[in-house]
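# Let's see this in three dimensions:
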Amino acid sequence: MEIISLLWGTVLLRPYVFVFLAFYLVVAILNMGVVRSLLFTVLAYLIAFLCEYSSTRNGFPFGFYTYIETTRDQELWISNVPFMDSLSFSFLIYVSYTVSLLLWAPLVKNRWDIRLGNIQPLKHSIRVIASAAILCMLLDVIIDPAAFLGDRWFLGKIYFYKEEGEYFHIPLTNFAGWIFVAGVTLSCFAILDRCLDSKIPFNPHYQPSALLGPGLYFGVLVFNLGVTFYIEEIFLGCLGTLISLGILFLILFRIKRFEA
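Sure thing, here's the model as predicted:
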């Protein structure tokens, strides 16, 4: 009963995370089926948790930080890490991966009905994984500074770094850590997915829009930019907006260029 109470408390404390998580699961299942979606979610969580567990003890890979345990009796924690923080990596990495695929894969288009073509030769390529890792890091460039100032909105103050960082209180090592976690997760999933392809091939009867995952990517960006402007961090919000517009321009340029 205590675990159920803590899980419920986790939902109540961060309902927006569960909204993103629910949308992610729908998009992932449409794209790659239930088995692969659950496997990706568990894999991303485990890798993220191990990295957070390590970083809070020795500083690798995000830099040395500590979670403030004020919500330990209100939500689920695994050791010294809130459960939802590590779980969030699953949908943040996956939606970054969908944007990367949109930028590199062949497209099948009918106006704004845009679907991916044959992604089999490149879905686990170095360029797709590397691009996804960078896109995931760019998400965090907007997310983490707002989360650090959680005491100024409903998130609350949840963590602090041992030493103040160079980018709006966040150390640059943190962003290198996000590239590392996303890259490792997608590389490990590539190995598992190749094994599944030979045993449990996934042949979707319905090809979903290639814009679903990227749409969720920008949904996360818009939410965090909204929070940033709400707490009146105008310069940070403007910088985040420029980053978001840059990514959007790349996607629109890719779609237009493919059309030509």
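
# low-confidence ranges in this protein?
For the chain, the stretches flagged by pLDDT under 70 are 1, 258-260.

# Show me the longest helix that occurs in it.
helix 15-58 (DSSP state H).

# just checking, next helix/strand downstream of that helix?
strand 65-67 (DSSP states H and E).

# can you pull out the strands in the protein?
Using DSSP state E, the strands of the chain run over 65-67, 77-78, 81-82, 107-110, 113-116, 159-161.

# for the fourth one, which positions count as buried?
Residues of strand 107-110 include none that count as buried (16 or more other Cβ atoms under 10 Å). Every residue, glycine included, has its C-beta placed from N, CA and C.

# Going by contacts, tell me the helices and strands next to it.
On a contact count with 3 or more Cβ pairs under 8 Å, 6 or more residues apart in numbering; DSSP states H and E, strand 107-110 meets strand 113-116, helix 234-259.

# Let's have these in a markdown table, adding distance to residue 71.
Shown next, in a markdown table, are the helices and strands packed on strand 107-110 (distance: least, Cβ to Cβ, whole Å):
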| stretch | distance to residue 71 |
| --- | --- |
| strand 113-116 | 40 |
| helix 234-259 | 25 |
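
# quick one, which of the ones you listed is nearest to residue 25?
Between residue 25 and the helices and strands packed on strand 107-110, the shortest gap by Cβ to Cβ is with strand 113-116, which sits at 19.1 Å.

# got the contact list for the nearest residue to residue 240 once chain neighbours are set aside?
Among residues not flanking residue 240 along the chain, residue 142 sits closest, at 4.1 Å (Cβ to Cβ, 6 or more residues apart in numbering). Applying Cβ atoms under 8 Å, 6 or more residues apart in numbering to residue 142 gives the contacts 221, 224, 225, 228, 240, 243, 244.

# which one of those residues sits closest to residue 58?
residue 224 (28.3 Å).

# quick one, what contacts that closest one?
Contact analysis of residue 224 by Cβ under 8 Å, 6+ apart lists 142, 143, 146, 240.
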